[in-house]
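Student: fold the following.
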Amino acid sequence: MRWFNGLRANSIESFKKLTRAFGARFITCSRVPQSLGSLLSMSIREGETLKTYSDRYREMFNEIEGEHDDVAISTFKPGLLADYDLRKSLTSKPVTSVHQLIDRIDKYRRVEEDQLQGKGKTRVIPQERKDFRSDRYNSNRPRKDFVGQSGSVDTQVVNAVFREPM
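Tutor: Just a heads-up that it's a prediction; the model follows:
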């Protein structure tokens, strides 16, 4: 606060200049901004998930100084492999903003995560349906279901697998 209050009047014209002055005064180990070329040369690595690639891409994009939204939009797609559904989606329905790009990436990330989680799960083998009608009491009365309607009830076994323990 002492440093801020000691600034000369009208010496800082914008917030950007204020942050630079603050950084020059107090931050001793700061990152050097990345060049735009580093973003242009990014591509997904073999065996890398969409989540990992998009996280690396976002991090690199955030380290580049300046407004380069149009470059981010146009360079993300070529970094993907040709068989990715996200690449096909970005080709058929191009995005016009970084927010749309992020939303589309997140949608396909969730699909990929679900598929990866599905591969690690054991399959649930459906159980044989048991005919409960043969287990009726020795009565000729028709069986009633829970809402009080007459007639037989068709029961099924339901197996549910939850991602997280309940």
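Student: surely T75 is in a strand?
Tutor: No: under the criterion used here (DSSP: H, G, I helix; E, B strand; the rest coil), T75 is helix, not part of a strand.
Student: residue contacts, it?
Tutor: Under the criterion of Cβ atoms under 8 Å, 6 or more residues apart in numbering, the contact partners of T75 comprise L39, L40, M42. Where C-beta positions appear, they are placed from N, C-alpha and C, glycine not excepted.
Student: buried stuff in the longest helix belonging to the chain?
Tutor: Longest helix of the chain, by residue count under DSSP state H: helix 98-120. Within helix 98-120, the residues that qualify as buried are V98, L101, R104, I105, Y108, R109, E112, counting by 16 or more other Cβ atoms under 10 Å.
Student: and which of those is nearest L90?
Tutor: Within the set of the buried residues of helix 98-120, R104 lies nearest L90; the separation is 6.8 Å, counting by Cβ to Cβ.
Student: report how many residues lie close to H68.
Tutor: The local packing count at H68 equals 15, with neighbours defined by other Cβ atoms under 10 Å.
Student: whoops, I mixed them up, I27
Tutor: Counted with other Cβ under 10 Å, residues neighbouring I27 total 10.
Student: how much space between it and M1?
Tutor: With the distance defined as Cβ to Cβ, to the nearest Å, I27 ends up 17 Å from M1.
Student: can you redo the buried residues of helix 98-120 as TSV with distance to A72 and pLDDT?
Tutor: Compiled in TSV, those are given as follows (distance: Cβ to Cβ, whole Å; pLDDT from 0 to 100):
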residue	distance to A72	pLDDT
V98	6	87
L101	7	91
R104	13	93
I105	11	92
Y108	17	92
R109	17	91
E112	20	88
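Student: which two among those are spaced furthest apart?
Tutor: Between all members of these, the longest pairwise span (Cβ to Cβ) is found for V98 and E112 and amounts to 20.5 Å.
Student: the longest helix of the chain packs against which elements?
Tutor: Where contact means 3 or more Cβ pairs under 8 Å, 6 or more residues apart in numbering; DSSP states H and E, helix 98-120 is packed against helix 50-62, helix 69-76, helix 85-92.
Student: got the ones you listed as CSV, with distance to S14 and mean pLDDT columns?
Tutor: Formatted as CSV, the helices and strands packed on helix 98-120 follow (distance: least, Cβ to Cβ, whole Å; pLDDT from 0 to 100):
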stretch, distance to S14, mean pLDDT
helix 50-62, 20, 88
helix 69-76, 20, 86
helix 85-92, 35, 91
